[in-house]
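Trainee: heads up, no residue letters with this:
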């Protein structure tokens, strides 16, 4: 097994849940308005998360880590492709076309950076978890800004701007990080008098801004949940069915695939962990942006996140026992 304490993962998820409650409290008290979650999301996606990604590549070069990262990209392609097929099978027809699109998006795209990164940090150690998770999220970012937008816009005669598949903050920051890593340039340890000081300042700034990603993401989700009435969130059987498929079905399917294909250790554990995280907060944000059923999307994000407080650590412990 990997050298990590299961209680560390549980503690990390508990901490994130408490931060979520802080966001919920702030929204309920009126500290936020209806535009705040979207504004904070834009700040996170365009500033804090890219800073976190670039900082995560500031480590000693290792061909083994790089080859592991590339294998994770391939595994991410397979997992997302399987999710697309499952989403089509489970939600091919519903009474409401907008809800159909939202359900499918919500099943395919998980909160792999918002919630996945801090959990991976708890498993693999600070920096290393984000380093591996970033490779997984390359596929997420490309698909999110192409197929994801296409899915929510479908039937409206609009086409997504395909250049966003590359020209988005997640992919661009990853490319910057990979280039620095391949060139063996560490901002925290640049050679040359004067450059070392500048590098340390840049790295410290990126790390400090990037560390905002974890709490900020949960504040955003808490604010989204606060906009819902408890009846809308907890008294809809279809939401629980979705969570059963998303929070348990997907990670169990991934675990089975890893066992079948002989994928063990770090890669297998990462794949199951990323499959077990709840629906991406971008589901609600994109649904609002592209005029789909944003209220239902927010409900899916909210309940999936709440359920993951129990299901995510269970799936991580199961995967660790089975694969490591």
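Mentor: Okay, I see it. Keep in mind the model is a prediction, meaning the values are calculated, not measured.

Trainee: The stretch 201-324 of the chain: helices as residue ranges?
Mentor: 213-226, 230-234, 237-243, 250-261, 265-276, 282-289, 294-323 (DSSP state H, counting those that start in this stretch).

Trainee: can you state the direction angle for the fourth one and helix 294-323?
Mentor: If I follow you right, that is helix 250-261. 30 degrees (axes from the mean of the first three to the mean of the last three C-alpha atoms, to 10 degrees).

Trainee: first vs last residue of stretch 52-61, how far apart are they?
Mentor: Stretch 52-61 has an end-to-end distance of 18 Å (criterion: C-alpha to C-alpha, to the nearest Å).

Trainee: Would you mark the buried spots in it?
Mentor: 52, 53, 54, 55, 56, 57, 58 (16 or more other C-beta atoms under 10 Å). The way it works is simple: take the backbone N, C-alpha and C, and place the C-beta from them, glycine included.

Trainee: Need the residues that contact that stretch.
Mentor: 65, 117, 127-128, 130-131, 134, 170, 173-174, 176-178, 180-182, 184, 186-188, 203, 206-207, 209-211, 213 (C-beta atoms under 8 Å, 6 or more residues apart in numbering).

Trainee: so how far is that stretch off the chain centroid?
Mentor: Centroid separation for stretch 52-61 versus its chain: 18 Å, with C-alpha atoms, centre = their mean, to the nearest Å.

Trainee: again with stretch 58-76
Mentor: The answer for stretch 58-76 is 18 Å, by C-alpha atoms, centre = their mean.

Trainee: Please spell out which residues along it are buried.
Mentor: 58, 65, 68, 69, 72, 75, 76.

Trainee: could you say which helix or strand contains residue 54?
Mentor: Using DSSP states H and E, residue 54 falls within helix 49-56.

Trainee: how big is the angle separating that helix from helix 213-226?
Mentor: Going by the same axes, to 10 degrees, helix 49-56 makes 150 degrees with helix 213-226.

Trainee: starting at the chain centroid, how far to helix 49-56?
Mentor: 14 Å.

Trainee: Stretch 83-100 now?
Mentor: 21 Å.

Trainee: Check the contacts of stretch 52-61 for burial and list the buried ones.
Mentor: The buried subset of the contacts of stretch 52-61 (16+ other C-beta under 10 Å) comprises 65, 117, 127-128, 130-131, 134, 170, 173-174, 177-178, 180-181, 186-188, 203, 206-207, 209-210, 213.

Trainee: Could you pull up the residues touching residue 119?
Mentor: Counted by C-beta under 8 Å, 6+ apart, residue 119 has contacts 9, 12, 13, 129, 273, 277, 312, 316.

Trainee: Now neighbour count, distance to residue 236 and pLDDT too, for those, in a markdown table please.
Mentor: Listed next are the contacts of residue 119 as a markdown table, based on neighbours: other C-beta atoms under 10 Å; distance: C-beta to C-beta, whole Å; pLDDT from 0 to 100:
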| residue | neighbour count | distance to residue 236 | pLDDT |
| --- | --- | --- | --- |
| 9 | 22 | 29 | 75 |
| 12 | 20 | 29 | 78 |
| 13 | 20 | 24 | 78 |
| 129 | 22 | 34 | 86 |
| 273 | 29 | 27 | 94 |
| 277 | 27 | 22 | 92 |
| 312 | 25 | 22 | 91 |
| 316 | 24 | 27 | 91 |
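
Trainee: now, among these, which is nearest to residue 144?
Mentor: residue 277 (14.3 Å; C-beta to C-beta).

Trainee: residues touching that closest one, list them.
Mentor: With C-beta under 8 Å, 6+ apart, residue 277 has these contacts: 110, 111, 112, 115, 116, 119, 308, 312.

Trainee: roughly how far apart are the residue of the chain positioned farthest from its centre and residue 169?
Mentor: Taking C-alpha atoms, centre = their mean as the measure, the residue most remote from the mean C-alpha position of the chain is residue 193, 38.9 Å away. Distance check for residue 193 against residue 169: by C-beta to C-beta, to the nearest Å, it reads 33 Å.

Trainee: what number of residues lie near residue 217?
Mentor: Residue 217 is flanked by 27 other residues according to other C-beta atoms under 10 Å.
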